[in-house]
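Q: Generate a structure from the sequence data that follows.
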Amino acid sequence: DASAATDGATGTNVDDAVELSDDDALPVIASIWEDDYIEKTLIGGSYGWKCLWCDDLFKGINATKALAHVAKVSRMHIKICKAKIDDLHAERYKALLESSSSKKAARKRASATIAKGIAEHQEEAVNALLAKRSRRSSASSLSSAPEVVPTSSFFSPRSSSSVGLQPTMTAYKPTKASGLERANETTLEMAIAEMIYAEGLHFRFSESRHLQRVLKLAKYASGTFKPPHRKKVAGDLLDICHEQVVARNNRNLVAEADTFGISFLGDGATVKKLPLFNILGSCPPSVPSAVLEIVDCTEHIAEGGKKDAPYIAESFLPHLAALDPSKNRTDLVFFDGASNVQKAGQIIAAKYPRVTCLHGAEHCIALFFADIAK
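A: Predicted coordinates for the structure are as follows:
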């Protein structure tokens, strides 16, 4: 029966494919996510997408892989779609793939052009700097004779009593870098300076301990090493750093808590219409202050809630429970003079009998003088 024919390669019922005439035209799309057969969805609590042609689910949001799936491009680290796709959609995916490849190639060419321009500019700057230093060196050499190191000092016998033994080079320690090393160091110096200027970094970044560590580690990296992509920096690497900082802060807060106790501090803030509430912990002298959480109150307020005392207390209590499960370490809770936070302090004190809620006078004084200045 012709109506029950199937595609031999995929086993998909031909009638299941959408039949479109050649006169039908599909609107141009700028992204695969605009296609009706690609649907973003949640998979096990994580973002992903679904192909409505073959009903397969894929974790992660990756437009390149989604397009490769429906365009049936192999070697893209994703399974190709096994369903039969009509000609018009196939042409759409092919055109989108060509457009994406063209844009990627254009970005690559632009990046290469920019890199070439940076290299040429830095080369000119390095040559100018080397010439300037050469003139200074020539001027200083006229006023002082160069130090002559006898070649015999480069060698040291293994033993004063040994006879016939070859001398060693262990005593040779060059005091000055070679011309090539000086040129390379000057090039690196100029590259760091230009990076600071171009990225709008503070001038003291050149003295940053983080930069010093990067340069030290770079000596041991392979020649094929590439810096992490911005999405990786803003994704996995950021998550790991955040988790490590939180764990370290929690360890430091409880390290001497049995002796000095733990204090908690909180204050509300609205940054560009984003309602927030800051929660900090303190255990002097080891931890003057550490950020425990910045609570985003947007969803709570959108549901009709307020930054009232119960909500603030509920935001604090999980941190007290984690750092002081026995309720014998927390001594003080600091808020400003607002009635909602002072009442939140009373709620916390009712659950933690050792707690005293204090008024952060310094904060109020700062607000007072800020109002006067206005």
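
Q: Which residues does the worst-scoring helix or strand of the chain on mean pLDDT contact?
A: When the helices and strands of the chain are compared on mean pLDDT, DSSP states H and E, helix 361-373 comes out lowest with a mean of 83. Contact with helix 361-373 is made by 267, 336-337, as judged by Cβ atoms under 8 Å, 6 or more residues apart in numbering. Every C-beta, even on glycine, is put in place using the N, C-alpha and C of the backbone.

Q: Pull out the buried members of those residues.
A: Taking 16 or more other Cβ atoms under 10 Å as the criterion, what is buried in the contacts of helix 361-373 is 267, 336.

Q: Identify, from the contacts of helix 361-373, the entry nearest to Ile196.
A: Checking those against Ile196 with Cβ to Cβ, the nearest one is Asp267 at 34.0 Å.

Q: can you tell me how far that closest one sits from Ala71?
A: 53 Å (Cβ to Cβ, to the nearest Å).

Q: How about Ala95?
A: 10 Å.

Q: what helices or strands is the longest helix along the chain leaning on?
A: Using DSSP state H to define each element, the chain has its longest helix at helix 87-143. Contacts defined by 3 or more Cβ pairs under 8 Å, 6 or more residues apart in numbering; DSSP states H and E place helix 87-143 against helix 63-71, helix 179-198.

Q: buried stuff in the first one?
A: Across helix 63-71, burial judged by 16+ other Cβ under 10 Å covers 64-71.

Q: Tell me which two of those residues sit farthest apart.
A: Taking Cβ to Cβ as the measure, these span a maximum distance of 11.8 Å, between Thr64 and Val70.

Q: Surely Ile294 touches Leu274?
A: No - the pair Ile294 / Leu274 is not scored as a contact, 10.0 Å apart, by Cβ atoms under 8 Å.

Q: quick revisit: the helices and strands packed on helix 87-143: lowest mean pLDDT?
A: When the helices and strands packed on helix 87-143 are ranked by mean pLDDT, helix 179-198 comes last with a mean of 89.

Q: any idea of the angle whichever helix or strand comes after that one forms with helix 179-198?
A: Later in the chain than helix 179-198, the nearest helix or strand by DSSP states H and E is helix 209-218. On the basis of axes from the mean of the first three to the mean of the last three Cα atoms, to 10 degrees, helix 209-218 is oriented at 140 degrees to helix 179-198.

Q: May I have helix 209-218 exported as CSV, CA atoms only?
A: This file holds the C-alpha atoms of helix 209-218, laid out as CSV (Å, rounded to 0.1, in the frame of the first residue of the first chain):
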residue,chain,number,x,y,z
ARG,A,209,49.8,38.8,42.7
HIS,A,210,47.3,37.1,40.4
LEU,A,211,49.1,38.3,37.4
GLN,A,212,52.5,37.3,38.9
ARG,A,213,51.1,33.8,39.4
VAL,A,214,49.7,33.6,35.9
LEU,A,215,53.1,34.4,34.5
LYS,A,216,54.8,31.9,36.7
LEU,A,217,52.3,29.1,35.7
ALA,A,218,52.6,30.0,32.0
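
Q: after it, next one along is what?
A: Assigned by DSSP H and E, the successor of helix 209-218 is helix 230-233.

Q: What mean pLDDT does whichever helix or strand comes after that next one get?
A: From helix 230-233 onward toward the C-terminus, using DSSP H and E, the following helix or strand is helix 236-255. Here helix 236-255 scores 90 as its mean pLDDT.

Q: Which neighbouring elements make contact with helix 236-255?
A: For helix 236-255, the packing partners by 3+ Cβ pairs under 8 Å, 6+ apart are strand 274-283, strand 287-296, helix 309-323.

Q: Of the ones you listed, which is nearest Lys103?
A: Ranked by Cβ to Cβ, the member of these that lies closest to Lys103 is strand 274-283, at 33.2 Å.

Q: got a list of contacts for that closest one?
A: 249, 252-257, 260-270, 287-298, 301, 307, 312, 315-316, 319, 323.

Q: Kindly recompute the last result at 7 Å.
A: Contact partners of strand 274-283, identified using Cβ atoms under 7 Å, 6 or more residues apart in numbering, comprise 253, 256-257, 260, 262-270, 288-298, 301, 307, 312, 315-316, 319, 323.
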